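**Student:** starting from these lines, generate the structure:
(4 chains)
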Amino acid sequence: MSDMMDDMEGGEGVVKKFMFVNRKAPHGTIYALEGLEVVLVSAAFDQDVSMVFADDGVYELIKGMNTKGIEVKDFSKTYRALDGYDIEKLYVEKASMDARGLTEADLIVDVTVLDSAEMANLMAEQDVVVSY
Amino acid sequence: MKIGIMVSEGPYNHQASDTAYLFARTAIEKGHKVPRVFFYHDGVNNSTKLTQPPQDDRNVVNRWSKLAEEHGVDLVVCIAAGMRRGITDDILAPGFRISGLGQLVEAGIQCDRLVTFGD
Amino acid sequence: MLHIVNKSATERNSLESCLRMASKGSAVLLIEDAVYAVTQGGVAAAQIQAAMADLQIYALGPDLDARGMSARVLDGVKVVDYGGFVDLVAETNVCQSWL
Amino acid sequence: MPMVEVAGKSFEVDEEGYLTNLADWNQDIAGYLAQEEKVEMTDSHWEVVNFLREYYEEYQIAPAVRVLTKAISKKLGADKGNNKYLYELFPYGPAKQACKIAGLPKPTGCI
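**Tutor:** Got it, this is the predicted structure:
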């Protein structure tokens, strides 16, 4: 913990519900990759972390990416490391998946599929929602 | 109330940094605390003292520096995002510091609210 | 909960997704280019009017003014200044930005 | 960037001695990087280095130390999946030294 935030002491031992919302496709912009970096770091803070994939964010989890031709790292593989970081709550919004002609079988990791109302409720019960 | 802020876009290209600044300033005027602003993605570009906007335009970088000086706002630039974009200690404007992504998570834990401004 | 949308509804789907995933009773604040959605005659007007049954719709006044849209705001939309924005954040338990 | 010659081939390292092009990595280079770190490579060292390379190949990241110990524990046994064992092999830390020798990206110190 830093010593720069004198006003912010007493946070040790606090467990908050953190939700990271992914709504951007990979590769076209850096948000998906840098967003994943935040999530990996958050694992060190022992918080109650969940990740949501909605809208084009669903594309981040597609199987069979081959990024050699665009000369960027295939970070889709990194989503499979999340389990080892104890980040196990991955949610996909059904409407977003349907709108893109995708099913769970197309995804690189196991996820929980929620309808929009379930997603709304899950979001509303968080302490911190981070989106990028 | 403690309100943390994340800024995800660079200055001038997108309104995010302006909105974040006006929000932060107003929150402080209303008696809230803004302990930390975390600059991520292209938001790290808000921190460079090399910025030289025309004189008839607002100076986004100086505005942040002034907020830090007058109200003790901790302006944190993500090291990983900063390194990718060439942001180093020697070009930081006053009040900014480079640190890790953990500082964002920490702000989320320790502030009552965390508000994101981006594209 | 407070949902913040900053994208023009005719350019991106942020508003649509927000309205789909906002739970009943939530507040939705439109800022930056998203404020065009709450203006009369726009393509999103019907969507906003329908959403007002379950959600509180707010728009940031300075962004409406800057875009010359203040006189066209739909009935039922609450226009707030930055102070109102801060109050919304403080009054709701959590906020999500639909970037 | 400094160039270094190992076994007749030259390759580039950064100011801190990390391999610049990860694709350059081979066992000879690992041996050189270990020498620079004053680590004498034994089978136990290679086991960890190879484990890290496999982890990187599979997930495209260098694991956090906590994740590394857990993963090693699972694959090689609890007697190896702990900080004590790893620090005995790599006194300056598995994240720094073992990753460097394995030719993985430099940790950006995100915490």
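
**Student:** what sits closest to D:Glu36 if chain neighbours are left out?
**Tutor:** Closest residue in space to D:Glu36, ignoring its immediate chain neighbours: D:Gly17 at 5.5 Å, by Cβ to Cβ, 6 or more residues apart in numbering or on different chains. Yep, even glycine has a C-beta here, placed from its N, CA and C like the rest.

**Student:** can I assume that neighbour is in contact with D:Ile101?
**Tutor:** No - if you go by Cβ atoms under 8 Å, D:Gly17 and D:Ile101 don't touch, sitting 10.3 Å apart.

**Student:** what sits in contact with each of those two?
**Tutor:** By Cβ atoms under 8 Å, 6 or more residues apart in numbering or on different chains, D:Gly17 and D:Ile101 have these common neighbours: D:33, D:37.

**Student:** what about residue 24, neighbour count?
**Tutor:** All of this is about chain A. 22 (other Cβ atoms under 10 Å in any protein chain shown).

**Student:** wrong one, I was asking about chain D
**Tutor:** So D:Asp24, with other Cβ under 10 Å, has 15 neighbours.

**Student:** same thing with D:Ala71?
**Tutor:** Close neighbours of D:Ala71, defined as other Cβ under 10 Å, add up to 19.

**Student:** that one sits in which helix or strand?
**Tutor:** In this assignment (DSSP states H and E), D:Ala71 forms part of helix D:65-76.

**Student:** would you map the strands across chain A?
**Tutor:** Using DSSP state E, the strands of chain A run over residues A:17-22, A:48-53, A:89-93, A:112-114, A:128-131.

**Student:** and chain B, by the same measure?
**Tutor:** Using DSSP E, strands in chain B cover B:3-7, B:36-39, B:74-78, B:96-99, B:113-117.

**Student:** which non-adjacent residue is nearest D:Asn83?
**Tutor:** D:Thr69 (6.3 Å).

**Student:** for the residue nearest to A:Val38 when sequence neighbours are not counted, the count of nearby residues, please.
**Tutor:** Closest residue in space to A:Val38, ignoring its immediate chain neighbours: B:Leu101 at 5.4 Å, by Cβ to Cβ, 6+ apart. Residues lying near B:Leu101 (other Cβ under 10 Å) number 26.

**Student:** what does A:Gly101 give?
**Tutor:** Neighbours of A:Gly101 under the rule other Cβ under 10 Å: 7.

**Student:** count the neighbours of B:Arg85 for me.
**Tutor:** 16.

**Student:** wait, it sits on B:Gly43?
**Tutor:** No - assessed by Cβ under 8 Å, B:Arg85 is found out of contact with B:Gly43, at 9.8 Å.

**Student:** distance check, B:Met83 against chain D.
**Tutor:** With distances taken as Cβ to the nearest Cβ, to the nearest Å, B:Met83 is found 7 Å from chain D.

**Student:** before we move on, what about A:Met97?
**Tutor:** In terms of Cβ to the nearest Cβ, A:Met97 sits 24 Å off from chain D.

**Student:** how many neighbours does that residue have?
**Tutor:** 20.

**Student:** likewise D:Pro105?
**Tutor:** Close neighbours of D:Pro105, defined as other Cβ under 10 Å, add up to 15.

**Student:** residues contacting it?
**Tutor:** D:18, D:22, D:62, D:99.

**Student:** that older thread, what's the burial count for the residue nearest to D:Asn83?
**Tutor:** 20.

**Student:** before we move on, the earlier item: what's the helix holding D:Ala71 packed up against?
**Tutor:** Under the contact criterion of 3 or more Cβ pairs under 8 Å, 6 or more residues apart in numbering or on different chains; DSSP states H and E, helix D:65-76 touches helix D:43-59, helix D:83-89.

**Student:** now the angle from it to helix D:43-59?
**Tutor:** Between the axes of helix D:65-76 and helix D:43-59, defined by axes from the mean of the first three to the mean of the last three Cα atoms, to 10 degrees, the angle is 110 degrees.

**Student:** tell me the mean pLDDT over helix D:65-76?
**Tutor:** When pLDDT is averaged along helix D:65-76, the result is 93.

**Student:** residue 68: how many residues sit nearby?
**Tutor:** Since you didn't name a chain, this refers to chain A. For A:Lys68, the count of nearby residues is 8 (other Cβ under 10 Å).

**Student:** oops, wrong one, chain C.
**Tutor:** By the criterion of other Cβ under 10 Å, C:Gly68 has 9 neighbours.

**Student:** the one 4 residues further on now?
**Tutor:** By the criterion of other Cβ under 10 Å, C:Arg72 has 15 neighbours.

**Student:** and the residue lying closest to it once chain neighbours are set aside, bridged to which residues?
**Tutor:** The shortest distance from C:Arg72 to any non-neighbouring residue, by Cβ to Cβ, 6+ apart, is to C:Thr39 (4.1 Å). C:Thr39 forms beta bridges with C:Val73, as assigned by DSSP bridges.

**Student:** isn't C:Thr39 up against C:Met69?
**Tutor:** Yes - between C:Thr39 and C:Met69 a contact is recorded at 5.1 Å, counting by Cβ under 8 Å.
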